[in-house]
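[1] Sequence and computational prediction follow.
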Amino acid sequence: MQSIASAVPQDHIVGSLYRAAAGELPWGESLDLVRQDVNGWGVHLHGIRLSDGAVTFSYEVGSLSAEGALAYITQYHQIDPRVGMLARLNLLEWVNCHEHFNEHFVANNRFYQEFLLPHGGRWASGTKVFHDDELIAIFGVHRGLGMQPLSPQEAALSQRYARHIHEALSLWRRQQRLLKSALVGNALIERLGHPVLLVDEQLQLVHANAKAMAVLERDDRLRQRDGMLTLPVRHQGDAALRAVRQLRLGGAASYRETEPAVERAVVRLESPDRPPLLMIFSPLRPEDTMGAFGTRPLALVLLHDLGQARDPDPFLLSSAFGLTPAEGRVAARLAAGDSAQEVAELLLLGPQVAEA
């Protein structure tokens, strides 16, 4: 069947949703096809943890700026009146905001006045597309200022996509549980002498080695809750989310970011009574790791406590500064006070290194 607004067949768009759930396609790319097909100003897919109302994953495409998207998932989702309304619905029960919130309500509501209208948004239609014992997921199609709400035809098409998103998310959740079984990469991480975490693009905790689990249990600056890596200090949590997004794990189409992707990002967790804890983020993409960590891109997070007295570590230096293993060994010995000649002799690199 041909799409209403785009030249992409609807069957292809539906297939892309299942590919996104399988980790074969960025969710942002698939959802943008949906947005184009229903003439949306934006399309959002949010996962909300039931225990505390925190956003556990968030995919947004369309005209909302990167700054606006970050503000929503870190702050304004808490006062979004549409979320509570959608959460109370039956699964896949469709609702249009203009049927519930009139102009008087919008003119006096903080969410609309402080966030949505200044960012260019206005209308929303959506549904609850997933609900289990841990989280709910909400799918919304948005129209901006100067636009009209969805037409009946567009609303019907949006509901069709919502049904497929429900099935795709159900598959994704089952896949998440299966991925907790042992992988080659996870076994390697367990052997490292450093606290190491694996997270996805939304800071969902995929794996943590024993040393990292010890940090999560004893350090109140960093926690895991219901499978989500959380930082109690809000601005540090924002920094961690921004860091993992800078890696562009989902590809260039996943988010509306203006800055180029990075291969390394560092977040410094400060505390008034102890030295900082560093979080060093690096991308792990299946095509670069022979699939050792699974089929979807992840971020490796190396934790380093600056208060621990130890000799400079080659692995840490390589991770923090993008050095090769050999360069990391050389840097560690130089930082420990060895001369270039001593390093050359110790590492059997030859006298030409010392002369250089």
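    Now that the structure is in, tell me what you want to look at. Numbers count the residues shown, from 1 in each chain.
[2] Give the next helix or strand downstream of the longest helix along the chain.
    When the chain is parsed with DSSP state H, its longest helix is helix 152-179. Counting by DSSP states H and E, the element after helix 152-179 in chain order, helix or strand, is helix 184-191.
[3] and the angle for that following helix with helix 152-179?
    Helix 184-191 runs at 50 degrees relative to helix 152-179, counting by axes from the mean of the first three to the mean of the last three C-alpha atoms, to 10 degrees.
[4] Relative to the whole chain's centre, how far out is the following helix or strand past helix 184-191?
    Using DSSP H and E, the next helix or strand after helix 184-191 towards the C-terminus is strand 196-199. Strand 196-199 sits 13 Å away from the centroid of its parent chain (C-alpha atoms, centre = their mean, to the nearest Å).
[5] I'd like to know which elements strand 196-199 is packed against.
    Contact partners of strand 196-199 among helices and strands, from 3 or more C-beta pairs under 8 Å, 6 or more residues apart in numbering; DSSP states H and E: helix 184-191, strand 205-208, helix 210-218, strand 298-305. All C-beta spots, glycine's among them, are computed from the backbone N, C-alpha and C.
[6] Now tabulate these in JSON lines and tack on distance to residue 133 and mean pLDDT.
    Putting the helices and strands packed on strand 196-199 into JSON lines (distance: least, C-beta to C-beta, whole Å; pLDDT from 0 to 100) gives the following:
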{"stretch": "helix 184-191", "distance to residue 133": "25", "mean pLDDT": "72"}
{"stretch": "strand 205-208", "distance to residue 133": "18", "mean pLDDT": "88"}
{"stretch": "helix 210-218", "distance to residue 133": "22", "mean pLDDT": "91"}
{"stretch": "strand 298-305", "distance to residue 133": "25", "mean pLDDT": "88"}
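[7] For residue 277, find the nearest of these.
    Set against residue 277 and scored by C-beta to C-beta, the helices and strands packed on strand 196-199 come closest in strand 298-305, at 5.4 Å.
[8] partner strands of that closest one, parallel or antiparallel?
    strand 196-199 (antiparallel), strand 274-284 (antiparallel) (DSSP bridges).
[9] Once you drop chain neighbours, what's closest to residue 211?
    In this structure, residue 211 finds its nearest non-sequential neighbour in residue 195, 4.2 Å apart by C-beta to C-beta, 6 or more residues apart in numbering.
[10] what sits against that neighbour?
    208, 209, 211, 212, 214, 215, 302, 303, 304 (C-beta atoms under 8 Å, 6 or more residues apart in numbering).
[11] Of these, just say which sits nearest to residue 243.
    residue 302 (12.2 Å).
[12] and the closest residue to that closest one other than its chain neighbours, how many residues sit next to it?
    For residue 302, ignoring the flanking residues on the chain, the nearest one in space by C-beta to C-beta, 6+ apart is residue 280 at 4.3 Å. Neighbourhood size, residue 280 [other C-beta atoms under 10 Å]: 20.
[13] swap in residue 41?
    A count of nearby residues for residue 41, using other C-beta under 10 Å, gives 20.
[14] these two touch, right, it and residue 119?
    No: applying C-beta atoms under 8 Å, one finds residue 41 not in contact with residue 119, separated by 10.4 Å.
[15] how about low-confidence regions in the protein?
    Low-confidence segments of the chain, defined by pLDDT under 70: 1-6, 176-185, 250-259, 290-292, 309-328, 330-356.
[16] so who does residue 55 touch?
    Counting by C-beta under 8 Å, 6+ apart, residue 55 touches 46, 47, 48, 49, 73, 74, 77.
[17] and the gap between it and residue 44?
    Distance, residue 55 to residue 44, by C-beta to C-beta, to the nearest Å: 11 Å.
[18] I'd like to know how many residues surround residue 104.
    For residue 104, using other C-beta under 10 Å, the count is 8.
[19] for residue 295, same thing?
    Neighbours around residue 295, by other C-beta under 10 Å: 11.
[20] Tell me, how many residues neighbour residue 218?
    8.
[21] same deal with residue 215?
    Residue 215 has 17 nearby residues by other C-beta under 10 Å.
[22] same thing with residue 144?
    Number of residues near residue 144 (other C-beta under 10 Å) recorded here: 18.
[23] beta partners for it?
    residue 121.
[24] What's the separation between it and residue 121?
    Taken as C-beta to C-beta, the span from residue 144 to residue 121 is 6 Å.
[25] between the two, what contacts are shared?
    With C-beta under 8 Å, 6+ apart, residue 144 and residue 121 have common neighbours 41, 42.
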